[in-house]
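below is the sequence, then the predicted model.
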Amino acid sequence: MTLDQLWLDVGQRLVEDRAKIPGVKFTLHFIPPAGGEAEFSARILEAQRLPTVGEYVHLRQEGMTGTAYFRVVLVGTTYKESASEQGAYSEEAIGVLAEYVEGPEGSMSDEHQNAVDAYKIRGLAVHREPPWGY
């Protein structure tokens with residue numbers, strides 16, 4: 001076996017192993033700009049990773065034109081004590097708190113645009129997602 005064949009074999013095994021790893025599950029909770037009570041939540045059933053604080057998250061809903069834009073402000077994990085082993089804990093839930101932000105002009109869903117407009121009318125500063133540059 002040549003070195004090139006060995007690397008191809010290792011690479012193929014990594015791809016196969018990665019396919020066996022279950023995705024990350026978490027709940028996104030959406031809050032008004034600058035904080036407040038969560039307005040709604042969405043369960044993410046499979047993701048490659050957790051979003052990080054400061055990252056922008058985009059949601060597209062089935063049958064809806066446009067996108068909803070949010071910025072992650074907090075990531076938290078809840079652990080529950082084991083019933084069988086005192087002092088041992090297991091992960092129970094992961095929650096990601098994200099605030100509404102304004103997306104690129106003309107790309108927001110009507111529902112998201114209405115929410116952003118309502119926040120502005122209430123005097124809340126709604127951040128705009130920076131342009132991606134491509």
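All right, it came through fine.

show me the helices in the chain, by range?
Under the criterion DSSP state H, the chain carries helices at the ranges 3-20, 110-121.

weakest of these by average pLDDT?
Of all the helices of the chain, helix 3-20 carries the lowest average pLDDT, namely a mean of 61.

ok, and the closest non-adjacent residue to I94?
Spatial nearest neighbour of I94, chain neighbours left out: F26 (3.9 Å); criterion: CB to CB, 6 or more residues apart in numbering. C-betas here are computed from N, CA, C, even on glycine.

and V72, how close does it get to V101?
According to CB to CB, to the nearest Å, V72 stands 10 Å off from V101.

overlap in contacts, the two.
Shared contacts of V72 and V101 (CB atoms under 8 Å, 6 or more residues apart in numbering): Y56.

buried sites along the longest strand anywhere in the chain?
Secondary structure of the chain per DSSP state E: the longest strand is strand 68-81. Across strand 68-81, burial judged by 16 or more other CB atoms under 10 Å covers 68-73, 75.

likewise stretch 116-133?
Within stretch 116-133, the residues that count as buried by 16+ other CB under 10 Å are 116, 119, 124, 126, 129.

what's the closest of those residues to Q61?
Ranked by distance to Q61 (CB to CB), the buried residues of stretch 116-133 are led by V116 at 16.1 Å.

which residues are in contact with the closest one?
100, 102, 108, 126.

and L97, by the same measure?
With contact set as CB under 8 Å, 6+ apart, L97 has these partners: 29, 31, 38, 72-76.
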